[in-house]
Structures are given as C-alpha cells and as structure tokens.
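Peer 1: Give me coordinates for this.
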Amino acid sequence: MVKCCGKYNARQLRARVKIQRKTQASDGMGGWSETWSRGDDLWALWKPMSGSERVRAMGIEPTLAVKAVIRFRGDENGAPYYSAADRLTYRGRTYNIKTVIDVDGMQDWLELMLAEGEPS
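Peer 2: This is a model prediction of the structure:
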C-alpha cells in the first residue's frame, strides 16, 4: 500500500491541546508580572516517547518526554509561530516545549518535542 501525501494526516490528530504564550501584565503598581496567556486550542497527534525518574530535593521527580504533531502555523516570514518560549497543556498537565521542527521543511506539520517536569 502506498502512503499518500506525507508523513502525517488529519485523521491522526485526536488529542486536544492548548499552547500558551508567556505575556507581561501590569501589576497595578507600575511594574510587570509574567503570566501565561489563555492559549490556542489545537488538535494534535500525541506520542509519549520516554519517561524517567530522578532523585531531587529529598524526593523523586518524574520526567516525561512527548512528541506532539500539529498543523503548521507560521508568522509573516514563514517561520513556525510557536517556539521553546511557549508551553503546552494536555489533560491538565503542563509540558515545556523543547524544540519545534518543521517536518520535511514543507510547512505542513510541526513536531513539538515536549518535556514534563523540566523547567524551560
């Protein structure tokens, strides 16, 4: 069977994710505080890659690496709209975006490499 039209297709996008961007909000006293925006709701292909645990601060800290694939969204220059400065939430859990990859350079799909339990 010949696979048509690239590596991914829309039928694989079954997970509803939210991508949030860090913004600055006035604190009412002349300063600023950093908050996370409400975010974009997107459909994604969700693929857990690996998991591990490490001892930190007298406790066990789990980490989970995940790949999420979404449709390409770019800025006016054609660069991916999302970056490692953003984060993603899925089923109440928060993941930091480590890298954003334009699959095949065709501006069809973005692979987001994510990590839970690690600071961005």
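Peer 1: Tell me, how many residues neighbour Ala44?
Peer 2: Other residues near Ala44 come to 23 when the count uses other CB atoms under 10 Å. (Glycine included, C-beta is placed from N, CA and C.)
Peer 1: Which residue is the nearest non-sequential neighbour of Ala85?
Peer 2: Lys22 (6.2 Å; CB to CB, 6 or more residues apart in numbering).
Peer 1: let me redo that: Tyr95
Peer 2: Nearest one to Tyr95, counting by CB to CB, 6+ apart, is Leu114 at 3.9 Å.
Peer 1: The one you found - how many residues pack around it?
Peer 2: 26.
Peer 1: Ok, Trp32 next?
Peer 2: 11.
Peer 1: On the pLDDT front, check it for me.
Peer 2: Trp32 is assigned 87 on the pLDDT scale.
Peer 1: thought it was touching Ala25?
Peer 2: Yes: under the criterion of CB atoms under 8 Å, Trp32 makes contact with Ala25 at 6.8 Å.
Peer 1: partner residues bridging the residue nearest to Ala85?
Peer 2: Trp36 (DSSP bridges).
Peer 1: Now do the helix or strand harbouring Leu88: which elements does it pack against?
Peer 2: Assigned by DSSP states H and E, Leu88 falls within strand 87-90. Judged by 3 or more CB pairs under 8 Å, 6 or more residues apart in numbering; DSSP states H and E, the packing partners of strand 87-90 are strand 15-20, strand 93-102.
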